[in-house]
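structure here, sequence nowhere to be found:
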């Protein structure tokens, strides 16, 4: 068991293994554990630090410093500056998300087949088989009734009264205690982020985890990926540490995220017309409801209710979300005593959101200092969906008993009553009028059958570099209309399994192949 | 430049009868942390926002004074109008200032007590080193 964190000794760290996995979030951890179970020596390299539940910060500022990628301040370039939210820590975004477990919908595989030539009739079954296993291993269960909290209960009521489907969420959380701190990492250790299960298992199976170690580039030699290089970086002080070289005998798996994987490929000198293209997302925005009695959204599961009723038409997923006080304070319109007056209502607010299944496609490029540059903006069709979602959420809030709704759209009144819903139809289609974030990210190094339109083939092997595998959301060529973690994990495990199967076939064909040591540390 | 950012950020969360303001919280420490440990672009945008905040009372109030010379009631009106201006980049710059101040304000134990919500646990500021 070897975990190597920030080091500054003036030496270069060099390690060899069968496989190097870049990233330790949903994709990287799922791939790494499958490879380790298959007998491979694995090195997982992660840009951020390894925090255990007792290290998790309490405050938002702490979460941004220790868990968020670039403090959460990366924004899209386009008409609107919307934050691109993801984590930088061992466990990746699974540490800060709500661990929502939704199987890949069947229609997604169909669209991959028709639009991207991913012509594998068994793909859905194989992904679902892995998802079965992941659900068991990560204790996926419905949020317990006692942990829902009032905001989630009101959402159940609101959807019921409006007459559309809604359900208590199924999450990778065993016995959620409803502490409302998913965003800062679950201090109760109930949320099954991958730093608590798959990554420790990789260590137990003899693997190596290298944390605080952003990868500078992938080593590409003679059409093969032979490893990665980078330098340690202290997560608190940002001091630069030792250089490291991690060599892979068999394969390199990239799972650095939908923004970092394309940027890393570009930095590594890989060229493809499709690299950085087809970046997609589910932009999210929400509506506050103001109630007579305290809602206390900070008590209960951060996210406990969802609806798929509008997934197909117009293309929305509805959810609850408990926003911390800091985020409410900055998100609400206004300033000065007027804002302070609004904030006195904090305990009486519920916040429900929509994730828009956007059709827009953007780009990711490697920017200054290795930071990805995301260009992305929604067109009128997507904005119409967002506008529709605002209205649906507002109707739901009133149906649940809200006395006022704060739609949070520039150009509309700050507050509307139940008889003023028509005002929402006047909402502009300009994205700059909405305070949204991008949290479900896809594409940038997509898979497909056409090398001109895809970076990797239908088994996520990078074109021209067959032992370089994409195991994160950057390979996903479409939006999903549901939370992506389960799809990312299922696909990543499948990719690892494919490598193992391929090698066992090759081994049978050449039984005299020399055995190699599991690890070589120089 | 930290004093400039602080002066601007304070205006968004003034002390009221019901709630402590950002000036009652550890705003200096928060801004110092953002300056020293946050991404440089974040600090630059805060300074940019603060400069805009100081120079724009002429447009929000018709008063040819920098914001730091405004009496409290006018400053309050300036903060409110600027954060809801129709100029998107200006509005976003103010959002950045609000965000920076809210990190200190929202974690403050007294603020949370005044609102009747539980205080945060301490940030351990630690990670696995082995």
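Perfect, I can see it now. Note that the structure is a prediction, hence the values are computed from the model and not measured.

which SS state does the closest residue to chain B within the stretch 351-500 of chain A fall under?
Nearest residue of the stretch 351-500 of chain A to chain B: residue A:432, at 4.5 Å (CB to the nearest CB). For the C-beta atoms, the positions are set from N, CA and C on the backbone; glycine is no exception. At residue A:432 the chain is in helix, as set by DSSP: H, G, I helix; E, B strand; the rest coil.

what ranges does chain B have for its helices?
Per DSSP state H, chain B carries helices over the ranges B:2-12, B:27-37, B:40-55, B:57-60, B:72-83, B:88-107, B:109-115.

so where is chain B shaky, pLDDT-wise?
Judged against pLDDT under 70, chain B has no low-scoring part.

ok, which stretches of the stretch 251-400 of chain A are helices?
Applying DSSP state H, counting those that start in this stretch to the stretch 251-400 of chain A gives helices spanning A:260-267, A:325-331, A:337-343, A:380-399.

coming back round to it: I'd like to know how far the residue of the stretch 351-500 of chain A closest to chain B sits from residue B:85.
Separation of residue A:432 from residue B:85 (CB to CB, to the nearest Å): 12 Å.

where do the strands sit along the stretch 1-150 of chain A?
With DSSP state E, counting those that start in this stretch, the ranges of strands along the stretch 1-150 of chain A come out as A:2-4, A:12-22, A:42-45, A:140-142.

residue contacts, the residue nearest to residue A:434 when sequence neighbours are not counted?
Take residue A:434 and drop its neighbours on the chain: the residue closest to it by CB to CB, 6 or more residues apart in numbering or on different chains is residue A:285, 5.2 Å away. Neighbour list for residue A:285: A:353-354, A:356, A:386, A:389-390, A:408, A:434-437 [criterion: CB atoms under 8 Å, 6 or more residues apart in numbering or on different chains].

kindly state the beta-bridge partners for residue A:285.
Here residue A:285 sits in beta bridges with residue A:354, going by DSSP bridges.

pLDDT value on it, please?
pLDDT, residue A:285: 97.

quick one, what contacts residue A:54?
A:187, B:124.

ok, and the closest non-adjacent residue to residue A:459?
Counting by CB to CB, 6+ apart, residue A:459 lies nearest to residue A:498, which is 5.7 Å off, once chain neighbours are set aside.

got it, and residue B:42?
Using CB to CB, 6+ apart, the nearest residue to residue B:42 is residue A:73, at 4.8 Å.

ok, residue A:295 touching residue A:154?
Yes: with contact defined as CB atoms under 8 Å, residue A:295 counts as touching residue A:154 (6.7 Å).

quick check: neighbours shared by these two?
Common neighbours of residue A:295 and residue A:154 (CB under 8 Å, 6+ apart) are A:289, A:350.

right, and residue A:171 touches residue A:100 too?
Yes: if you go by CB under 8 Å, residue A:171 and residue A:100 touch, sitting 5.5 Å apart.

who's more crowded, these two?
For residue A:171 versus residue A:100, the count of surrounding residues by other CB atoms under 10 Å in any protein chain shown is larger for residue A:171: 29 against 23.

hmm, which helix or strand of chain A has the shakiest average pLDDT?
strand A:520-521 (a mean of 46; mean pLDDT, DSSP states H and E).

returning to what we had before: what is in contact with residue A:171 and residue A:100 at once?
residue A:303.

of the contacts of residue A:285, keep whichever come out buried.
The neighbour count (16 or more other CB atoms under 10 Å in any protein chain shown) marks A:353-354, A:356, A:386, A:389-390, A:408, A:434-437 as buried among these.

what about residue 2, how many residues nearby?
With no chain named, the answer covers chain A. The burial count for residue A:2: 14, using other CB under 10 Å.

nope, chain B please
16.

and what of residue A:51?
Neighbours of residue A:51 (other CB under 10 Å): 24.

contacting residues for the closest residue to residue A:346 other than its chain neighbours?
Once flanking residues are discounted, residue A:346 sits nearest to residue B:115: 5.3 Å by CB to CB, 6+ apart. Taking CB under 8 Å, 6+ apart as the contact definition, residue B:115 lies against A:325, A:343-344, A:346-347, B:19.

and the longest strand for chain A?
Of all the segments of type strand in chain A, defined by DSSP state E, the longest one is strand A:240-254.

give the buried residues for that strand.
A:241-254.

please apply the same query to stretch A:118-134.
A:118, A:123-124, A:126-128, A:130-131, A:134.

and the residues you listed, which is closest to residue A:85?
Lowest distance from residue A:85 to the buried residues of stretch A:118-134 (CB to CB) belongs to residue A:134, with 23.0 Å.

and the residue nearest to the closest one when sequence neighbours are not counted, how many neighbours?
Nearest in space to residue A:134, with sequence neighbours left out and distances taken as CB to CB, 6+ apart, is residue A:489 at 5.2 Å. A count of nearby residues for residue A:489, using other CB under 10 Å, gives 32.
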